[in-house]
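[1] My questions concern the predicted model and sequence given below.
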Amino acid sequence: MSPRVVLVGPMGAGKTTVARLLADAWGVTARDTDADIEAAVGRSIPDLFIESGEAEFRRLEKSAVAAALSEHDGVLALGGGAVLDPETRERLAGHRVVFLRVGLADAVKRVGLGSSRPLLLGNVRGRIKALLDERTPIYESVAGLVVETDGRTPEDVAREVLAAL
Ligand code: S3P
């Protein structure tokens, strides 16, 4: 079993929303590794970061991604940092991966300056900029398709993915 498509990209790219729209269009289910982790540990991602640290979150994320890639045949959205793990990147090589690209201004607008995402606390704009600079080449390296999301609705983005696949 293999997901029909795997969405990667930074926070604020719209992965979760676009995944639902694609899944509805195809009549399959959408899965999200952040939600899988929260269900597995019974805690929110911010609580997990605070109580157990980022390294523990990344360990859980790596196995959540591996499990979802082998179990799920719908649409899969990965947490924005999942591609940092080299084994995860190798696993993705066998899958149809779409990078939802987003620029700094739109990412900040969508995430919101008051975001509770642990990696952004204190300085949403600065942290998103650093994450985009560091990760954009990684998303590009794992994706077979890159879709621009700046200034576009999730419906419009989903339409482009549907037309391209
Ligand atoms: C993270 C992105 C988040 C979540 C965690 C870490 C990251 O997921 O996994 O807060 O490292 O970019 P989304 O991309 O779904 O917001």
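    Thanks, I have it. Numbers count the residues shown, from 1 in each chain.

[2] and the protein, which of its residues are near the ligand?
    Within the chain, the positions near the ligand by Cβ under 6 Å from any ligand atom are 11, 15, 34, 45, 79-81, 117-119, 131. Placement of C-beta: from N, CA and C, glycine included.

[3] will you turn these into a markdown table that also has secondary structure, pLDDT and neighbour count?
    Shown next, in a markdown table, are the residues of the chain next to the ligand (DSSP: H, G, I helix; E, B strand; the rest coil; pLDDT from 0 to 100; neighbours: other Cβ atoms under 10 Å):
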| residue | secondary structure | pLDDT | neighbour count |
| --- | --- | --- | --- |
| Met11 | coil | 93 | 23 |
| Lys15 | helix | 97 | 31 |
| Asp34 | helix | 96 | 20 |
| Ile45 | helix | 94 | 20 |
| Gly79 | coil | 97 | 23 |
| Gly80 | coil | 97 | 23 |
| Gly81 | coil | 97 | 19 |
| Arg117 | coil | 83 | 18 |
| Pro118 | helix | 80 | 16 |
| Leu119 | helix | 83 | 18 |
| Leu131 | helix | 94 | 19 |
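
[4] Please identify which of those residues is nearest to Val147.
    Set against Val147, the nearest of the residues of the chain next to the ligand by Cβ to Cβ is Lys15 (10.9 Å).

[5] residue contacts, that closest one?
    By Cβ atoms under 8 Å, 6 or more residues apart in numbering, the residues touching Lys15 are 7-9, 32, 77-78, 80, 100.

[6] do Val97 as well
    5-8, 142-145.

[7] swap the cut-off to 6 Å and go again
    Counting by Cβ atoms under 6 Å, 6 or more residues apart in numbering, Val97 touches 6, 8, 142-144.

[8] For PyMOL, write the select line for the buried members of those residues.
    The PyMOL selection below is limited to those of those classed as buried (16 or more other Cβ atoms under 10 Å):
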select buried, resi 6+8+142+143
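
[9] JSON lines please, covering the contacts of Val97 and showing pLDDT.
    Listed next are the contacts of Val97 as JSON lines, based on pLDDT from 0 to 100:
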{"residue": "Val6", "pLDDT": "98"}
{"residue": "Val8", "pLDDT": "98"}
{"residue": "Val142", "pLDDT": "97"}
{"residue": "Ala143", "pLDDT": "97"}
{"residue": "Gly144", "pLDDT": "96"}
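
[10] from the contacts of Val97, which two are the most distant?
    The widest separation within the contacts of Val97, taken as Cβ to Cβ, falls between Val8 and Gly144 and amounts to 10.8 Å.
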